[in-house]
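Enquirer: take a look and give me a structure for this.
(chains A, B, C and D)
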Number of protein chains: 2
Amino acid sequence: MTPQPGPIRLAVIDSDSGFVRVLTKRLEGVAWEHRVLPSAPPIEDLLAMRLNALVVDLALLGPQAWDFLERVCEALPGLGIVVCTGQSTVAQRVRGLRIGADDWVTKPCHPEEVLARVEAVVRRRKRAAPRIDTGPMVAGELAIRVDQFQAFVGGQSADLTRREFELLHLLAEGEGQVLQREEIYQRVWGYAMARGDRSVDVFVRKVRSKLERLSPDWSYIHTHFGIGYRFQPEPREDIGLPEGSPAGSSASETAGQVPRVQ
Amino acid sequence: MTPQPGPIRLAVIDSDSGFVRVLTKRLEGVAWEHRVLPSAPPIEDLLAMRLNALVVDLALLGPQAWDFLERVCEALPGLGIVVCTGQSTVAQRVRGLRIGADDWVTKPCHPEEVLARVEAVVRRRKRAAPRIDTGPMVAGELAIRVDQFQAFVGGQSADLTRREFELLHLLAEGEGQVLQREEIYQRVWGYAMARGDRSVDVFVRKVRSKLERLSPDWSYIHTHFGIGYRFQPEPREDIGLPEGSPAGSSASETAGQVPRVQ
DNA sequence: CCGGCGTGTGAAAAAGATGTGAAACAGTGG
DNA sequence: CCACTGTTTCACATCTTTTTCACACGCCGG
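Expert: Below you'll find the model as predicted:
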């Protein structure tokens, strides 16, 4: 349907020079960004590469192969993993797939097939973001232009950094949905969130503050206590507060009508 | 990490009786809902089955195999497709994967591996499209939306906190069943309940009170003295009956058919 | 009708999450 | 190497939720 996979960022962990050479050649043909690693790098390095997919020969990792596979799957749940290894038993293949590998190819194999399998794995992963309409998405006073990695209000840029933009973009795509912190982190940062990480909160604050500067009468990002955040443009009703009432005043009275908006 | 893939709805299109028999046996072992089709059904029929995955032997579809594959991929982009066929060329496999198949297994193959591959495909699909099939569950005037971690009545949020929601959700899932306090605690809090802990009671009260605000004419959570609680939406009948009949009404109900409603 | 438990109720105390500002750290380009 | 921008980490303020308590009430068995 949409054969257009776009450029894929791929790493190959293998030291079989013949296989690597021939695969690399094909990779250059399709212009994917790729990198060959002769042995398993630390997980953090893989994180930093922001990959779409990984091709790995488990055989060369020795006894820690399963452990490595497991840790990679856990840390990068969004990464497509294709194991490409010599002879293996059914039990091994089943184990690898159960642990979290997406595909398992047996060498010798044709590089074109490896590519097709990587493509299939990545394709499925990307289905989630099929936003094709080139037009900017508008919400309240906001215009979010994916092509510019920026949000505007009345033609003026909110001056968001890349992460800030990606966060806002993700939230805005799921307008009205409550997204959990873990999921947000996973999808914006690209890997699993460590417990106690406050990055999402911090960035929400930054985005809020930048949006508020340009669009003071609207609120966009709502907190769901104990869960995460929800994007939904709403005219701010900070009306009233005439005088006497101390700010502290109960939020409770307002409850019932509109879900709590912080 | 991915311990629980949950039940998968699967269809197998194949007429190779030996393969099908052995695969079916394994399918029953894992309790997936499955169906075997001896030939390609109309796309609409596949749609109606609301499948998670499809295993198909392209060989038996003859010359229209590619066309069938293409149409299925287009019509059901969320469906995981595993081609399971006898001998094939690299070019055929690449073609199939490019068209939209998620995996391609060559017969003869071990049923366990087919299952593992189906599982991997479905796992990835669920990660990619996290919120599509999550229809709200309705009960009485209540709509419980898991994706929002919230319950609504007539579009209005009950403003449940996370634990309150989880409690309600658990009870609602077992609609009509009496759940013991210990089990409720175990499943909502995640660990064993200490003796004398009243948390469950307290939260039941909070949920009841929040639900009653929005849906005063229904009662949802019923107490079973000495046991626990049961979720079951019932129109409240305490209206009328101004004086004559004491609330205690028919003791006969307690007979076990219709437990006491408090 | 009474007493013993188990549950309902309201409020206070404790625990936990988020908001906030600023400093530490990392990456880039001069 | 420095200056600069952006990201991550930290400590603390603020606010919400969860837990704990003490007591009232209702169910059940004498």
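Enquirer: list the buried residues for stretch A:84-94?
Expert: Buried residues in stretch A:84-94, counted by 16 or more other Cβ atoms under 10 Å in any protein chain shown: A:Cys84, A:Thr85, A:Ser88, A:Gln92, A:Arg93, A:Val94. Quick note: C-beta positions are derived from backbone N, CA and C, even for glycine.
Enquirer: going by distance to chain B, which of those residues wins?
Expert: Lowest distance from chain B to the buried residues of stretch A:84-94 (Cβ to the nearest Cβ) belongs to A:Val94, with 4.3 Å.
Enquirer: chain center to the helix or strand containing that closest one: distance?
Expert: Using DSSP states H and E, A:Val94 sits within helix A:90-99. Relative to its chain's centre, helix A:90-99 lies at 26 Å (Cα atoms, centre = their mean, to the nearest Å).
Enquirer: please apply the same query to stretch A:172-181.
Expert: 14 Å.
Enquirer: and that stretch, end to end?
Expert: One end of stretch A:172-181 sits 15 Å from the other (Cα to Cα, to the nearest Å).
Enquirer: now it: mean pLDDT?
Expert: Here stretch A:172-181 scores 95 as its mean pLDDT.
Enquirer: is there contact, residue-wise, from that stretch to DNA strand D?
Expert: No - judged by Cβ under 7 Å from any atom of the strand, stretch A:172-181 stays clear of DNA strand D, getting no closer than 12.9 Å.
Enquirer: circling back to that earlier point, which of the buried residues of stretch A:84-94 lies closest to B:Arg230?
Expert: A:Val94 (41.4 Å; Cβ to Cβ).
Enquirer: just give the nearest non-adjacent residue to the closest one, would you?
Expert: Spatial nearest neighbour of A:Val94, excluding adjacent residues (Cβ to Cβ, 6 or more residues apart in numbering or on different chains): B:Ala116 at 4.3 Å.
Enquirer: run through the neighbouring helices and strands of the strand or helix carrying that neighbour.
Expert: Using DSSP H and E, B:Ala116 falls within helix B:111-128. Contacts defined by 3 or more Cβ pairs under 8 Å, 6 or more residues apart in numbering or on different chains; DSSP states H and E place helix B:111-128 against helix A:90-99, helix A:111-126, helix B:17-30, strand B:53-56, strand B:80-85, strand B:103-106.
Enquirer: next SSE after that helix?
Expert: strand B:137-139.
Enquirer: my guess is A:Leu54 contacts A:Val83, does it?
Expert: No - A:Leu54 is beyond contact range of A:Val83, at 9.2 Å (criterion: Cβ atoms under 8 Å).
Enquirer: please report the distance of the closest residue to A:Asp57 other than its chain neighbours from chain B.
Expert: Spatial nearest neighbour of A:Asp57, excluding adjacent residues (Cβ to Cβ, 6+ apart): A:Asp14 at 4.4 Å. Using Cβ to the nearest Cβ, to the nearest Å, one gets 19 Å for the distance from A:Asp14 to chain B.
Enquirer: now do A:Gln64
Expert: Per Cβ to the nearest Cβ, A:Gln64 is found 17 Å from chain B.
Enquirer: against DNA strand C, how distant is that residue?
Expert: Taking Cβ to the nearest atom of the strand, to the nearest Å as the measure, A:Gln64 falls 26 Å from DNA strand C.
Enquirer: in terms of helices and strands, where is the residue sitting nearest the centre point of chain A?
Expert: Centroid-nearest residue in chain A, with Cα atoms, centre = their mean: A:Arg187, separated by 2.3 Å. Using DSSP H and E, A:Arg187 sits in helix A:181-189.
Enquirer: what does that helix contact?
Expert: In this structure, residues lying in contact with helix A:181-189 by Cβ atoms under 8 Å, 6 or more residues apart in numbering or on different chains are A:77-78, A:163, A:166-167, A:170-171, A:192-193, A:197, A:199-201, A:227-229, B:130.
Enquirer: try stretch A:192-212
Expert: Under Cβ under 8 Å, 6+ apart, the answer for stretch A:192-212 is A:74-77, A:142, A:151, A:153, A:158-161, A:163-164, A:167-168, A:181-182, A:184-186, A:188-189, A:218, A:220-221, A:223, A:228-229.
Enquirer: equivalent analysis for stretch A:213-231, please.
Expert: Here stretch A:213-231 has contacts from A:139-142, A:153-154, A:156, A:158, A:168, A:171-172, A:174-184, A:200, A:204, A:207-208, A:211, A:232-236, A:259-262, B:149, B:161-163, using Cβ under 8 Å, 6+ apart.
Enquirer: 7 Å - rerun?
Expert: For stretch A:213-231, contacts defined as Cβ atoms under 7 Å, 6 or more residues apart in numbering or on different chains pick out A:140-142, A:153, A:156, A:158, A:171-172, A:174-181, A:184, A:204, A:207-208, A:211, A:232-236, A:261-262, B:149, B:161-162.
Enquirer: selecting buried members of those residues in ChimeraX, what would you type?
Expert: Per 16+ other Cβ under 10 Å, the buried members of the contacts of stretch A:213-231 correspond to this ChimeraX selection:
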select /A:140,141,142,153,158,171,172,174,177,178,179,180,181,184,204,207,208,211,232,233 /B:149,161
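Enquirer: in helices only, show me the contacts of stretch A:213-231.
Expert: Within those, residues falling in helices by DSSP state H are A:Leu171, A:Ala172, A:Arg181, A:Ile184, A:Val204, A:Val207, A:Arg208, A:Leu211, B:Arg162.
Enquirer: how close does the second one get to A:Gly140?
Expert: It refers to A:Ala172. Distance of A:Ala172 to A:Gly140, computed by Cβ to Cβ, to the nearest Å: 10 Å.
Enquirer: which residues of the stretch 51-200 of chain A lie near DNA strand D?
Expert: So far as Cβ under 7 Å from any atom of the strand goes, the stretch 51-200 of chain A lies against DNA strand D at A:Thr161, A:Arg162, A:Arg163, A:Glu164, A:Trp189, A:Asp197, A:Arg198, A:Ser199.
Enquirer: repeat the analysis, applying 10 Å as the threshold.
Expert: A:159-167, A:185, A:188-191, A:193-194, A:196-200 (Cβ under 10 Å from any atom of the strand).
Enquirer: just to revisit the earlier point, return a PyMOL selection command for the buried portion of the contacts of helix A:181-189.
Expert: The buried residues among those can be selected in PyMOL (16+ other Cβ under 10 Å) with this line:
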select buried, (chain A and resi 77+78+166+167+170+171+192+193+199+200+227+228+229) or (chain B and resi 130)
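Enquirer: need the residues of chain A near DNA strand C, please.
Expert: Counting by Cβ under 10 Å from any atom of the strand, chain A comes close to DNA strand C at A:44, A:48, A:180-181, A:195-196, A:198, A:200-206, A:208-209, A:212, A:221-229, A:262.
Enquirer: got the contact list for A:Trp152?
Expert: For residue A:152 the amino acid is Phe, not Trp. For A:Phe152, the contacting residues are A:Ala143, A:Arg145, A:Ala158, by Cβ under 7 Å, 6+ apart.
Enquirer: ok, 8 Å please
Expert: Taking Cβ under 8 Å, 6+ apart, we find A:Phe152 in contact with A:Pro136, A:Leu142, A:Ala143, A:Ile144, A:Arg145, A:Ala158.
Enquirer: quick check: beta-bridge partners of it?
Expert: On the basis of DSSP bridges, A:Phe152 is bridged to A:Ala143, A:Ser157.
Enquirer: can you check A:Ser219 too?
Expert: Under DSSP bridges, the beta-bridge partners of A:Ser219 are A:Glu234.
Enquirer: tell me the pLDDT at it?
Expert: For A:Ser219, the predicted pLDDT is 96.
Enquirer: mind checking how far it is from DNA strand C?
Expert: Distance, A:Ser219 to DNA strand C, by Cβ to the nearest atom of the strand: 11 Å.
Enquirer: please apply the same query to A:Ser215.
Expert: Separation of A:Ser215 from DNA strand C (Cβ to the nearest atom of the strand): 16 Å.
Enquirer: burial measure for that residue, as a count.
Expert: Each residue near A:Ser215 was counted by other Cβ atoms under 10 Å in any protein chain shown, and the total is 20.
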